[in-house]
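Chemist: Please find the sequence and the predicted model below.
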Amino acid sequence: MGKKHTSCRNVNENPCNMCMPMGGILAFKGLEQSMVMLHGSQGCATYMRRHMAEHFNEPIDVASSSLNEKGTIYGGEKNLKQGLDNMIKAYRPGVIGILTTCLAETIGEDIDRISQEYLREKGYGDLPVVTVNSPGYGGTHTEGYWLTLRRIVARLAQKTGANSKINVIIPNLSPADIREIKRILQLMRVDYILLPDYSDTLDRPYQKPYRKIPEGGTKLADIAAMGGAAATIQFGLTVDESMSPGHYLESRFGVPLYNLPVPMGVENTDMFMNMLMKLTGNPLPACLEQERGRLLDCMIDSHKYNARGRSVIFGEPDNIYGVAKICLENGIYPVVVATGSKNPLLVKLLAEKLAHSPLRCTVLTGTDFTTIRKQSRGKANIAIGSSDGRFLTEKEGIPLVRYGFPIHDRTGGQRLLSVGYAGTTQFLDRITNTLLEHKHKHYRKSMYEMFYLNNQPVEEFFLESSGEQHDVFMQ
Amino acid sequence: MDVRQAVIWDSVLKERKESIITKGKQKNRLKCDTDSVAGCVSQRACVYCGARVVLNPVTDAIHLVHGPIGCASYTWDIRGSLSSGSELYRNSFSTDLQEQDVIFGGEKKLARAIDELVAQYPAKVVFVYATCIVGVIGDDLEAVCKAAAARHQIEVIPVQSSGFAGNKAAGYRAACDALLRLIQPTQTGISARANTINYLGDFNLAGEVWIIKNYLRQIGVEVNVAFTGDSHYEALKNATAASLNIIQCAGSMIYLAQRMKELYGIPYLNVSFLGLQDTAESLRKIASHFGDEEMQRRVEELVARETARVEPTLEWYRRRLQGKKAAIYVGGGFKAISLIKQFREIGIDVVMIGTQTGRKEEYEIIHELVDDGTVILDDANPSELEKFMVEKGAHLLVGGVKERPLAYKLGIAFIDHNHDRKHPLSGFVGAVNLAKEVYTTLCSPVWQYV
């Protein structure tokens, strides 16, 4: 690992992350018949609903305890109880997630006590409630997501008899990616429990009648059985133990944990398949073998186009690790890898992989988009990440391949497929085609200027070097 | 008791009953402008949201959110306000408060953040937005801003927009207070110019301020500054150089207009440039305020010319849309009122109408305008929207980003009438755009398959 810079900045310019409760909502949306309550002021729920509705193109119902001035001064207990009451009347949920916000945490609300008291008062003893302390200042949406999953497992998993199921715990992936992982698991004949499964709840088919709480999601009975599973596969290499649901299952119930990278790229997907073969004893089915072959074929077909690519990658830690892996495997060498999360594990993992890259790469954690832009200027020619990277295109002319959350300026974020051999193939095509489109748009003019007008030849933009130095900026 | 029974929710929650009426069936006494009811899944945002919506279009200002990251993250460049100059307003700056700041206070960090930003971006005004946390940990925003202003010799204006301290409408007021502070230290000697007005409550979505400015120019009226679409520091500061304020979005700007009348004696008029009827009437109102016959003649000329230009197109749409039923759920009252008339212009009846932050006076006008049987509701939630749209057989919903997927899931057409849109709905061109959008969504072939 190269230099490590830490700078203490006082201002974040154009955030590269959202806040904790947002991740919590996403995790809860993957539970069957769930409803979420945000304990805080009305705006938090509305902003997050809006942010998600625009990405998923789905109605996102999230209740708020609508704390007002009085509740802030005298405590929000009354609001939270009344809120739960109204929400239950309107939605009849099978499980309730309660997330705190900055406001509730700062005034010291005890959501555990209040919610338990509420359930007793109303005689709703058997209604499962999962509480999560998720102040917006406590971390990014990524930490909120994992912490919520850990809380869900801690509250709902039980020491049941041993079963032969395999727990599969996933990071913030698209519904299409979740469906692809499920397809692979089925092809491998794995008896699995996938958490959280929002592949239907956040990407539901058009159906009548409309249901306020969509069908789908991980069943509570399945979560209960996670404590007796044969193993846990968690696509969470960068997840700190304190927030890791897989780690909880291992330490509490002795379920062996296998932390794997998100299956993006050949090697990462191979690791997933090998693990499934090892755990089940089943062979790789012919169709997956063929998909692997097609991915390799695609990589060879495109390798010369991809060789021109210099990538800036941003998003959530485990996701960008997967994207970086795809880029490294295809010679689209990363020059900037960035996340809003402060994640030392990611830096370590990336440093190992980037050691074999011929280009210097800057890894930014706890960063913002103004910093990403500055670092990418003149170095990157393709950006990969959420639509929040739009200024990279607008201001720096770097085309953006949309991946991750949120995608607000294009449609179909929920349908983007990027995992497994087949998903990686599609993702790689999107990257290659973006590079090609960019090239075709500019090459006539640049050749004309360079050779017909005999202008100064454009300097080779990227100096190849075999350096192993990585500037790792930590904020 | 097991609550997990499949209950079809068919009645309105008790706490919400007074906020919903059906014209002709109940007395016109709608409860509005109150705090949202907990657990009802209100579509409203917070005080901060209201303030940010109103101030963010000020193009050359540094917009700094003092609080944890979320508030800045969810409001970064999400509006369609256009600028003819600076693009600084498209950045979202945050002090990104951490746990230690919450414990020890965020004043020092805020002061340093302002210093850093001012050093990097030349700006004459900084708006510092308070979020929930600031209101609780007791940072003295006023003092920090005052000191920073003195340090940098620029305006650093606190916006008192702690999220929990009221509803979205309280945020409008906080924004107006911030704007008033900008106007206050007006240079003496500037006197109001004749036929020069300020245009309040237009945020220049897709260039709407520019469309209206053009109309006004044609009738001999100059716009001094618009609040706040495509506005900038110098122009806002000289706001007292106008002899009249016209207000479109009254919900957000009536307070500013009232204060400017009290402080500077500038009279105001309510206007609306949504739809043919309202656009024409508003122009007439302005001309009649100035009592200028030449101006009145020019208004009639403009209205006749523009109406003649768009009428055949509208007629084409009217024939195809006649008899359809619309539901409306928008942010403010003026929009709702204009939409009723605008739908009438293209042969569509309104069967359900509501707003997030409509005022009592506005609901009275709405009640007057709609037909018997129309449901009127304040601060609605998805369950209510679903219930009444289905009950009333609406073919179309007008709303914002959160409402769109609900309409689509119900198989109902949808009109985007929000701050994110990228096409103008103002003036004569806007009237055609709306009709076109209604036709596009209502008459799409996709509905044949669902």
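Modeler: Thanks, I have it. The shown structure was predicted, so the numbers you read here are calculated from the model rather than taken from an experiment.
Chemist: And what about residue A:392, helix, strand or coil?
Modeler: Classification of residue A:392 by DSSP: H, G, I helix; E, B strand; the rest coil places it in helix.
Chemist: Name the residue of the stretch 1-150 of chain A that lies nearest to chain B.
Modeler: For the stretch 1-150 of chain A and chain B, the shortest gap (CB to the nearest CB) falls at residue A:43, measuring 2.6 Å. C-beta: built from backbone N, CA, C; applies to glycine.
Chemist: That residue against residue B:43, yeah?
Modeler: No: counting by CB atoms under 8 Å, residue A:43 stays clear of residue B:43, with 11.5 Å between them.
Chemist: can you tell me which residues contact residue A:202?
Modeler: A:29, A:52, A:56, A:58, A:175, A:214, A:414 (CB atoms under 8 Å, 6 or more residues apart in numbering or on different chains).
Chemist: and with 7 Å instead?
Modeler: Shown in contact with residue A:202 (CB atoms under 7 Å, 6 or more residues apart in numbering or on different chains): A:29, A:56, A:58, A:175, A:414.
Chemist: In helices, which of those residues fall?
Modeler: Among these, the residues falling in helices (DSSP state H) are A:56, A:175.
Chemist: near chain B, which of the contacts of residue A:202 show up?
Modeler: Contacts with chain B are made by residue A:58 out of these, judged by CB under 7 Å from any CB of the partner chain.
Chemist: And the contacts of residue A:202, which is closest to residue B:182?
Modeler: Closest to residue B:182 out of these is residue A:56 (39.3 Å), distances taken as CB to CB.
Chemist: coming back round to it: which residue of residue A:43 and residue B:43 possesses the greater neighbour count?
Modeler: Remark: of residue A:43 and residue B:43, residue A:43 carries more neighbours, 33 against 27, as counted by other CB atoms under 10 Å in any protein chain shown.
Chemist: so the more buried one touches residue B:51, yeah?
Modeler: No: at 10.8 Å, residue A:43 does not count as touching residue B:51 under the criterion of CB atoms under 7 Å.
Chemist: what number of residues lie near residue B:33?
Modeler: 16.
Chemist: Am I right that it is in a helix?
Modeler: No: according to three-state DSSP, residue B:33 belongs to no helix; its state is coil.
Chemist: what are the phi and psi angles of it?
Modeler: The phi and psi torsions at residue B:33 (degrees, to the nearest 10) take the values phi 50, psi 40.
Chemist: same thing with residue B:396?
Modeler: Torsion angles, degrees, to the nearest 10, at residue B:396: phi -150, psi 140.
Chemist: Surely it is in contact with residue B:324?
Modeler: Yes: if you go by CB under 7 Å, residue B:396 and residue B:324 touch, sitting 6.3 Å apart.
Chemist: where do the contact lists of those two overlap?
Modeler: residue B:442.
Chemist: More neighbours: which of those two?
Modeler: Neighbour totals were compared for residue B:396 and residue B:324, and residue B:396 leads with 24 against 19 (other CB under 10 Å).
Chemist: so how far is residue B:409 from that one?
Modeler: Residue B:396 sits 15 Å away from residue B:409, taking CB to CB, to the nearest Å as the criterion.
Chemist: Repeat that for residue B:425.
Modeler: Applying CB to CB to residue B:425 and residue B:409 gives a distance of 25 Å.
Chemist: For these two, indicate the residue with more neighbours.
Modeler: Taking other CB under 10 Å, residue B:425 and residue B:409 do not tie; residue B:425 has more neighbours (26 against 19).
Chemist: On the three-state scheme, that one is what?
Modeler: At residue B:425 the chain is in coil, as set by three-state DSSP.
Chemist: burial of the closest residue to it other than its chain neighbours, as a residue count?
Modeler: Nearest residue to residue B:425 in three dimensions, chain neighbours excluded: residue B:434, at 5.4 Å (CB to CB, 6 or more residues apart in numbering or on different chains). Other residues near residue B:434 number 26, with proximity taken as other CB under 10 Å.
Chemist: can you confirm residue B:434 is in a helix?
Modeler: Yes: judged by three-state DSSP, residue B:434 forms part of a helix.
Chemist: Locate residue A:116 within the secondary structure: which element?
Modeler: helix A:111-122 (DSSP states H and E).
Chemist: Check residue B:351 too.
Modeler: Using DSSP H and E, residue B:351 sits within strand B:349-355.
Chemist: close to chain A, is that strand?
Modeler: No: applying CB under 7 Å from any CB, one finds strand B:349-355 separated from chain A by no less than 14.7 Å.
Chemist: okay, the angle between the helix or strand just after that strand and strand B:349-355?
Modeler: As assigned by DSSP H and E, the chain's next helix or strand after strand B:349-355 is helix B:360-369. Counting by axes from the mean of the first three to the mean of the last three CA atoms, to 10 degrees, helix B:360-369 lies at 170 degrees to strand B:349-355.
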